[in-house]
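Take this sequence and fold it.
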Amino acid sequence: MDQLKDWTDDALSCLKEAEGICGSANSELVKINQVLSKRDNLLLKLTFLFDASRQQIRLLAILKDSLVKIVKNYKTKNHSWRTKITRDCELLRSVLDTLHKIELEPSFRSTQGNKALSLYHFVSDDKIDELFNGVDDILKESTDLYGRDEIDNNLADISKEIEGYGKELEVRYAEFLLNEVPDTPSKGHKKNSANHDNIITKLITSNNELETDMASLLESLTNHFDQCKKGQELLSKPHSEDQKRELLQVLENDSLELPYVINILNQDYQSLKTNCSHLQSITNKFSIFYNKFTAQFMVRLKLFGEIKLQQGLNIITKKAQRVEILLEKAFEYEQSVVGLIDYYTNFVSSYRSLILEIERRRKINDQVEAAVSRFRREVQSIEEKERTNREDFLIQHADYLPQDIISPNLLDGSQGILFKMLPTVGVEFNREPLPKISRRGLEEARIAILGRK
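The predicted structure is shown next:
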């Protein structure tokens, strides 16, 4: 009976020790399961963050491309109006130079001394200088606006950073897919995430097997303790000696196995603990990667979009506003330049047409003057013939005709009709006071307007 009591005490002691070992193992399993659950959640988040980051970088690139197109459009507009207004200013200068070269007809001025005047005499130097100075100012402003390449440099920096973020993201993703599995025989060899999951699965499977084995060992220790208690009850009752010997032999054999069972249980626990340590190491590395990715890359990408890109957008927006104002001013100057080109070109044409018009009027005056001279000569000849005819009539018939043979009421004077002379015919022509056109001026006008001298 004393031997049986010692076995029972040993069984109880081993059972308590085993329960402690299994309790510790269960704590390890609960802890690592929580860690793995957290990893699974982080894994889903990280996958989402990779996809979201790719989309964000893609959107940033699209936005950057839009900014590039906007800047290119404004540069095209800027180049276009600069080219046009520069060309038109040169054309205006050419027209003004033409005015300098065309000498004003001397007869057009009442007095001009010995100084020859040109058509440029009628141009306001102050207004022309004001116009050209204004054009020079907006051209300089345009050069200052684009000449320093501030926008191009800014866009180049933005493009470089976006490209850098894209490459860095793929590097991070490769690190995620090709992480080194810690504390494994293949340390130093890169494994992909599928291998990670495979190792985690193997470690979890191993823990499940170890947990089952430990539960089985704990159950066997519990059964042994129960048998010891039952043995005490059986031995206190009358049984055959063979039955008692058989029971004691079984209990003795089981008692001898107790140290071995405890040792196996401890080995299982150590293996489970090592597995949990490996799992913890893997999840720790993953958590570090996750925290580093979110705390560094994601934060920098967010700040880039909110600050750097916004700063670039603000610079371009301000430039665009200045360009719009500049284009409005340029359009006004362009209209003025084109208007003066048209006006002074027509001025030259109208001046030469004026010369031809004066010459035409001079010829008309000559024609009218010649016609009046011819008319006067014809009238004078008619008057002389009529005078002779009337004198001959009076000589032959006046003595025989009463003076009132025709009623005076029909006449406008007191003298009878027989003695009236032919009414006086008078034609006066006052020639227009036209300026005399020089031969050179007339030839130039004919060539310019008519295409011939």
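
just the strands in the stretch 151-300 of the chain please.
If you assign secondary structure with DSSP state E, counting those that start in this stretch, the stretch 151-300 of the chain ends up with no strands.

for Ile200, what are its contacts?
Under the criterion of C-beta atoms under 8 Å, 6 or more residues apart in numbering, the neighbours of Ile200 are Leu36, Leu279, Ile282. In this view, the C-beta of every residue, glycine as well, is placed from N, C-alpha and C.

list the contacts for Arg362?
The neighbours of Arg362, taking C-beta under 8 Å, 6+ apart as the test, are Leu434, Ile437.

so it is in which element?
Here Arg362 is covered by helix 309-397, with elements defined by DSSP states H and E.

What does the pLDDT read for the closest residue to Asn154 other than its chain neighbours?
Ranked by C-beta to C-beta, 6 or more residues apart in numbering and with sequence neighbours excluded, the top spatial neighbour of Asn154 is Gly312, at 5.0 Å. Gly312 is assigned a pLDDT of 81 by the prediction.

What is the neighbour count of Gly312?
19 (other C-beta atoms under 10 Å).

Tell me the spacing between it and Arg362.
Gly312 sits 73 Å away from Arg362 when distances are taken as C-beta to C-beta, to the nearest Å.

Next: Leu96.
Using C-beta to C-beta, Leu96 is found at 31 Å from Arg362.

what does Glu391 give?
Glu391 sits 44 Å away from Arg362, taking C-beta to C-beta as the criterion.

and if you look at Leu272?
The gap separating Leu272 from Arg362 is 128 Å, by C-beta to C-beta.

One more: Leu251?
As judged by C-beta to C-beta, Leu251 and Arg362 stand 157 Å apart.

Next: Ser80.
Taking C-beta to C-beta, one finds Ser80 at 50 Å from Arg362.

Also Ser216?
Relative to Arg362, Ser216 is positioned 138 Å away (criterion: C-beta to C-beta).

going on from the helix holding Arg362, what's the next piece of helix or strand?
Secondary structure here is assigned by DSSP H and E; on that basis, the next helix or strand after helix 309-397 toward the C-terminus is helix 439-445.

Show me what that next one is packed against.
If you count contacts as 3 or more C-beta pairs under 8 Å, 6 or more residues apart in numbering; DSSP states H and E, helix 439-445 packs onto helix 309-397.

what about the helices in the stretch 51-200 of the chain?
Using DSSP state H, counting those that start in this stretch, the helices of the stretch 51-200 of the chain run over 125-146, 150-177, 193-235.

mean pLDDT for these: which is lowest?
Mean pLDDT across those is lowest at helix 193-235; the value there is a mean of 81.

From Val348, how far out is the residue lying closest to Phe347 once chain neighbours are set aside?
Using C-beta to C-beta, 6+ apart and skipping the chain neighbours, the partner closest in space to Phe347 is Leu119 (6.8 Å). Leu119 sits 7 Å away from Val348, taking C-beta to C-beta as the criterion.

and for those two, which residues touch both?
Residues within reach of Leu119 and of Val348 at once, by C-beta under 8 Å, 6+ apart, are Leu99, Ile102.

between those two, which one's more packed in?
Each of Leu119 and Val348 has its neighbours counted (other C-beta under 10 Å); Leu119 has more, 19 against 16.

That one contacts Ser349, doesn't it?
No - Leu119 sits out of contact with Ser349 when judged by C-beta atoms under 8 Å, with a separation of 11.2 Å.

Can I get the contacts of Ile200 in CSV including pLDDT and distance to Arg439?
Supplementary listing: the contacts of Ile200 in CSV, determined by pLDDT from 0 to 100; distance: C-beta to C-beta, whole Å:
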residue, pLDDT, distance to Arg439
Leu36, 91, 112
Leu279, 91, 114
Ile282, 88, 109
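
Return the member of these nearest to Cys14.
Leu279 (29.2 Å; C-beta to C-beta).

so the closest one touches Thr205, yeah?
No - judged on C-beta under 8 Å, Leu279 makes no contact with Thr205 at a distance of 11.7 Å.

Between these two, which is the more surrounded one?
Summary of the neighbour comparison: Leu279 and Thr205, criterion other C-beta under 10 Å, with Leu279 having more neighbours (22 against 11).

any idea how far that one lies from Ile307?
Taking C-beta to C-beta as the measure, Leu279 and Ile307 are separated by 40 Å.

go on, Gln56?
Going from Gln56 to Ile307 by C-beta to C-beta gives 15 Å.

Of the two, which one has the most company?
Remark: of Gln56 and Ile307, Gln56 carries more neighbours, 19 against 10, as counted by other C-beta under 10 Å.

and that one, what pLDDT?
Per-residue confidence (pLDDT) for Gln56: 91.

Adjust the sequence numbering to begin at 37 for everything that follows.
Done: numbering now begins at 37, and the last item shifts to Gln92.

could you list every residue that touches the closest residue to it other than its chain neighbours?
Excluding its sequence neighbours, the residue lying closest to Gln92 (C-beta to C-beta, 6+ apart) is Leu337, at 6.5 Å. With C-beta under 8 Å, 6+ apart as the criterion, the residues that contact Leu337 are Ser89, Gln92, Ile93, Tyr201.

Would you show me how to pick out the buried ones of these in ChimeraX?
A single ChimeraX command selects the buried members of these (16 or more other C-beta atoms under 10 Å):
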select :89,92,93,201
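
low pLDDT regions in this protein?
Counting by pLDDT under 70, the ranges of the chain that qualify are 37, 147-150, 182-185, 215-233, 270-280, 282-283, 444-454, 489.

Quickly list the domain ranges of it.
38-388, 391-431+457-486 (automatic domain parsing).

so can I have CSV of those domains showing distance to Ile441?
Compiled in CSV, the domains of the chain are given as follows (distance: least, C-beta to C-beta, whole Å):
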stretch, distance to Ile441
domain 38-388, 63
domain 391-431+457-486, 14
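
Tell me which of the ones you listed lies nearest to Leu437.
It's domain 391-431+457-486; of the domains of the chain, that one is closest to Leu437 (C-beta to C-beta) at 9.4 Å.

how long is the closest one end to end?
Terminal residues of domain 391-431+457-486 lie 12 Å apart, using C-alpha to C-alpha, to the nearest Å.

Against Ile198, how distant is the residue nearest to Ser89 when sequence neighbours are not counted?
Leaving out its chain neighbours, the residue that sits closest to Ser89 by C-beta to C-beta, 6+ apart is Leu205, at 5.4 Å. For Leu205, the distance to Ile198 under the criterion C-beta to C-beta works out to 11 Å.

And Ile391, by the same measure?
For Ile391, the distance to Ile198 under the criterion C-beta to C-beta works out to 69 Å.

swap in Leu78?
27 Å.
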